[in-house]
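In: show me the folded form of this:
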Amino acid sequence: MGLSTATGVLVTLLGVAAGGWMSNRSQSRAWSRSVLTDTSAALLQEQATTYMGLVRWRSKELERVDWAGWNAALARVQLVGPPSIVEAALKLDAAFWSIGTGIRENVDEVGWCQLRDEVELRRLEFVNAARRELSPSAASLHRLVGKSDRANQPDQQRP
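Out: As a prediction, the model looks like this:
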């Protein structure tokens, strides 16, 4: 085999190896993105379920809140999420802890609205952290619900 043939074979093998490495890296990124999307969506779903459990606990419809789903979703975020998403999830968890304390202490309606607004703020921060991680060019959202600021008043009920 001549020098030019050996060089050609070597270049071809290097090209195949580089192509394989790039393909594997691309597949790994796609898998990571998919896992992060699913994990973030699961946390938001559990956030809604747990929040409704807290509302029902406050209104005495429940004796206690089942935290298993929330804790599992939070643990999954901690396993696969980058630090910015994990931190946002932990702030949302802290807001849940505050609501639980408020319910045990029979917080008044004004205090309840403040605790609820804190959960909504932390949820928005989590969504924006996930959006930035999944698509760095994604614009941040300014709200997640369509309610007006007037609806934040203690005497206003959600329709």
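In: drop to CA atoms for contacts and neighbour counts, all remaining ones
Out: Will do.
In: ok, the residue most central in space within the chain to residue 107 distance?
Out: Relative to the mean C-alpha position of the chain, the nearest C-alpha, by CA atoms, centre = their mean, is the one of residue 40, at 3.6 Å. From residue 40 across to residue 107, the span is 30 Å (CA to CA, to the nearest Å).
In: one more: residue 83?
Out: Residue 83 sits 33 Å away from residue 107, going by CA to CA.
In: can you give me the helices for the protein?
Out: Along the chain, the segments classed as helices by DSSP state H run 3-58, 68-80, 83-104, 109-134.
In: and the ones you listed: which comes nearest residue 145?
Out: In this view, these are compared for proximity to residue 145 by CA to CA, and helix 109-134 is the closest at 8.9 Å.
In: okay, buried residues for the closest one please.
Out: For helix 109-134, the neighbour count (16 or more other CA atoms under 10 Å) marks 112-113, 115-116, 118-133 as buried.
In: ok, stretch 59-72 next?
Out: Judged by neighbour count (16+ other CA under 10 Å), stretch 59-72 contains these buried residues: 65, 69, 70, 71.
In: any idea which of the residues you listed is closest to residue 78?
Out: Relative to residue 78, the closest of these is residue 71; by CA to CA it sits at 10.4 Å.
In: okay, that closest one: pLDDT?
Out: What the model reports as pLDDT for residue 71 is 96.
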